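# Got a sequence here, can you build the structure:
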Amino acid sequence: MFDVISIGGAIVDIFVKSDEFILDNNLLSLEASSKNEINESLITSGGGATNSAVSFSRLGLKSVPVSLIGTDHLYNFITDDLKTNKISPNLLIKDSTNPTDFSVILVAPDGSRSVLTNRGNSRLEEAQIDWTKLAKTKWFYITSLEGNLDLLEKLIGFAKENNIKIALNPGNRELIKLKKIIPLLKFVDFLLLNKTEGEMLTELDFDDNQFWPKILSYGSQITAITDGCNGAYVITPQSHLFSPIVKVKPVDETGAGDAFGSAFVAALIYKLDPQEALFWGIKNSASVVTKLGAKPGLLTLKLIKK
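Sure thing, here's the model as predicted:
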C-alpha cells in the first residue's frame, strides 16, 4: 500500500551552471564561438513524477512514480536515482522503441534558468498502465500528462471508484484545453498552479477582482497559486491564505513547484490544516532553490517540522 502514487513525467536533467552566462534584458546568452568554464554541473532524474515521489519519500511517506521511459543508457540515471531515495522503479513503464526524454538546463548566476528539452514518445496512455497496481494508494499526485486529458479523466474516475484522493498539478498542454479540463476540477482535492497557469485557466489577469471567485467556482477542495518570489496563495471554500517566501540565496529555481506541491500534500496526509500545509510548501520550495537540481534540496520530515 502506498501513501502517494505520482503520475506524469520522468526525464534526465543535465544541469550546467556558469558565471559566464550573460543575463541581460531577460535573455540568457554566451558570446558566439566562445569557450566557457562550467562552475557546477549535475546529471540527475527529473520530471514531475520522480521529483514529487522523491519529495514524498524524504517526508516519510511511501511513494512511487508511474511514468513512461525508454530502455536506453539514460534509463539507469532515473532508476538509480529512485533507488538511492528508497523508491521502487517497478511501476515505471518501459518503451524499448523510443529514447528516454532529457533536458539540458542552463542556470544563470542568479538562479534563473533556460531549459532545452528533447522529448521522445513519453506520453502515457491508458492501455500502458497496470490499473490493479494503482488501486493500492491513498493519493494520486498527477503532474503533466502531455495533454492527455482522456487519461486524466480515466485517472479521476478510477480514483473516485477506489476512494483515492487527487492532487493535480497540470501543465500548459492540459490547460489549453479549457472546455475539457474545467469540468474535471470539481473532483480534485488539491489543485496546484503557478500564477501564469492560473491566468490561463481563468482567462483573467491575476489582479482581476473576479480571479479568485472564478478559481473557487471550479470546485477543487483546495487550490494553491504560487507566484515566485512574491509568495503563494491558498483558497478553500472557507478561507483565503497567503504566505511570503522564505528568503534564501537562490542557486537554481528548478523543481520549486514540485517541492511546494508535494510538501503541501504530505502535510494534508499528516492531517495538518491548509495553513500548516502552506508553510510546509513554502519551506520545501525555498530549500530546493538553494541547491542545483530539483532533488538535492528536498527536506526530510525532521527538517520540515523545525
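# which residues in the stretch 101-250 of the chain form helices?
131-134, 149-161, 172-175, 178-181, 195-202, 211-217 (DSSP state H, counting those that start in this stretch).
# Can you list the low-confidence ranges for the stretch 201-306 of the chain?
Counting by pLDDT under 70, not a single residue of the stretch 201-306 of the chain qualifies.
# Pull the number of nearby residues for the nearest residue to H240 once chain neighbours are set aside.
Of all residues not flanking H240 in the chain, W212 sits nearest, at 6.8 Å (CB to CB, 6 or more residues apart in numbering). (Each C-beta comes from the backbone N, C-alpha and C, glycine too.) The number of residues packed near W212 is 18, by other CB atoms under 10 Å.
# now W212: how far from K271?
26 Å (CB to CB, to the nearest Å).
# and if you look at E125?
The gap separating E125 from K271 is 35 Å, by CB to CB.
# These two: who's more crowded?
Between E125 and K271, counted using other CB under 10 Å, E125 has the larger neighbour count: 14 against 7.
# Find the centremost residue of the protein, please.
Nearest residue to the geometric centre of the chain (CA atoms, centre = their mean): D258, 3.2 Å.
# Surely that one is in contact with G297?
No: assessed by CB atoms under 8 Å, D258 is found out of contact with G297, at 11.3 Å.
# ok, back up a step: is the residue nearest to H240 in contact with I235, as I believe?
Yes: using CB under 8 Å, W212 is in contact with I235, at 6.0 Å.
# tell me which element the residue nearest to the centre of the chain is part of?
D258 belongs to helix 256-269 when assigned by DSSP states H and E.
# Next SSE downstream of that helix?
helix 274-288.
# Could you point out the helix or strand that follows that next one?
helix 301-304.
# Can you tell me the SS state at the residue of the chain positioned farthest from its centre?
Distance from the C-alpha centroid of the chain peaks at S33, with 35.4 Å (CA atoms, centre = their mean). In three-state terms, and counting by DSSP: H, G, I helix; E, B strand; the rest coil, S33 is coil.
# Can we start the residue count at 34 from this point?
With 34 as the first residue, the last one maps to S66.
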